[in-house]
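# Here is a sequence with its predicted model. Questions after.
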Amino acid sequence: MNSTHPMLANIFLSLALFDVIVALLAIYIVSFHSPPILRTFRIVQLNITISMTFFEVYGGIFGPIFAYTQTGIYLVGYLRVGVIGTHIFFIFFYVLLSIQGGAIGLAFTMKLYSLASTFHRKLMKGLCFGWLVAYYGMIPICATLLFSAIDQKMIDTSKALLAANPLDVPMEWRDSAIIYDMADSLILSASIIFNLQFSIMAFLICVEVMMITLLLHLPQPSLSARTIRMQKQTFRILALQFLVLIGAYGTFYSLYLLSRWSLLIGWSWAAIIQRILSPYGNLLSTAHSGLTSIVLLTTTNSYRKALIGIFVAKKTPTLRTRANSIFIADMIRRTSSKAVI
């Protein structure tokens, strides 16, 4: 247990538990309360929710925070695993992050595919397959490079960089910190693949969002009016989830980039602000799974009704109500019998 500063560890773990509760509720409602027209949407949302939940629980237990001005990470959660352990944590952190990023990208791709014409769907199958192979194929390559970088030199370099920049990691968390040497060929190669992977993902999502928006405003003779309304609603939900995800992660990474840029232009005050807010900025990113699940449950009509039905008890009929119903039914039966006669 992190005895020197348990507050952040408690908050990280509390957010992880919050995510699990909300995600399990979302998984139940999406699994058993999706109308037939939302069959594909149900699969997409289960993929997103499950992948995000694994990531949030993992991050909530360890509590990762980026170093202030260098490429590095330290852990403030309940598990303290040393330099090598923190590096291994980061590898699995990257893998889980990539999987949930792929789930979001796949959701928009499937939405675009459902709106495309039969001719364009044939073309999209090859492009979608190539995209999946390229994106997910980068994950084992990057993870292998990071695993290959583990040696005594990496440990010594990390300690030397940390000693040269003592303000980058607070004293109470230095035993779980690692600072990377970006001149190392393996670390640099992994960094290039990581940035390329998520840059392509972000670019494709932006292109798909524009194409989906265009198709939803064009005549679709092959789709009924009800299907068009449902397509627009599910697209708005995906867009809201994506914006929540960007906002949660944007706060975290913006604070980190701010500290890096502030060194180049001499803004010492920016580095001080980032140093204070960095741990708390990461807390917002840790809660993104619960936030996206809340967006899903509150903006989808069928899910919102199911959610209300779970928490709002239904009134059971009393004996008097049942007796009145039986009396009225009997009167109707007798009246109907006389009319037939």
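Cool, got the structure.
# C-alpha from now on. contacts and neighbour counts both.
Noted.
# Now the element after the helix or strand harbouring Ser285, going C-ward?
Counting by DSSP states H and E, the element that carries Ser285 is helix 268-286. Toward the C-terminus, helix 268-286 is succeeded by helix 288-299 as the next helix or strand (DSSP H and E).
# Show me what the strand or helix carrying Ile84 is packed up against.
For Ile84, the host element (DSSP H and E) is helix 82-115. Helix 82-115 makes packing contacts with helix 39-62, strand 72-75, helix 118-148, strand 177-179, helix 185-216, helix 225-265 when contacts are defined by 3 or more CA pairs under 8 Å, 6 or more residues apart in numbering; DSSP states H and E.
# Deepest-packed of the ones you listed, please.
Stretch with highest mean neighbour count among the helices and strands packed on helix 82-115: strand 177-179 (a mean of 28; mean count of other CA atoms under 10 Å).
# what mean pLDDT does the helix holding Ser285 have?
Taken as a whole, helix 268-286 carries a mean pLDDT of 70.
# And for stretch 60-75?
Looking at stretch 60-75 alone, the average pLDDT works out to 83.
# for stretch 225-234, same thing?
In the prediction, stretch 225-234 has an average pLDDT of 87.
# CA atoms of it as CSV?
Extracted C-alpha coordinates of stretch 225-234, given in CSV (Å, rounded to 0.1, in the frame of the first residue of the first chain):
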residue,chain,number,x,y,z
ALA,A,225,-37.7,6.5,-42.1
ARG,A,226,-37.5,4.7,-38.8
THR,A,227,-34.1,3.2,-39.6
ILE,A,228,-32.8,6.7,-40.6
ARG,A,229,-34.0,8.1,-37.3
MET,A,230,-32.3,5.3,-35.4
GLN,A,231,-29.1,5.7,-37.4
LYS,A,232,-29.0,9.4,-36.5
GLN,A,233,-29.7,8.7,-32.9
THR,A,234,-27.0,6.0,-32.6
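# Residues contacting it, please?
37, 41, 216, 300 (CA atoms under 8 Å, 6 or more residues apart in numbering).
# on that earlier part again, indicate which one of the helices and strands packed on helix 82-115 is closest to Pro166.
Counting by CA to CA, Pro166 lies closest to strand 177-179 out of the helices and strands packed on helix 82-115; the figure is 11.3 Å.
# coming back round to it: distance to Ile29 added to the helices and strands packed on helix 82-115, as JSON lines?
Below are the helices and strands packed on helix 82-115 laid out as JSON lines (distance: least, CA to CA, whole Å):
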{"stretch": "helix 39-62", "distance to Ile29": "10"}
{"stretch": "strand 72-75", "distance to Ile29": "34"}
{"stretch": "helix 118-148", "distance to Ile29": "28"}
{"stretch": "strand 177-179", "distance to Ile29": "40"}
{"stretch": "helix 185-216", "distance to Ile29": "27"}
{"stretch": "helix 225-265", "distance to Ile29": "16"}
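# Give me the angle between the helix holding Ile84 and helix 185-216.
Interaxial angle of helix 82-115 relative to helix 185-216 (axes from the mean of the first three to the mean of the last three CA atoms, to 10 degrees): 20 degrees.
# Show me what counts as buried in helix 82-115.
82-84, 86-91, 93-113, 115 (16 or more other CA atoms under 10 Å).
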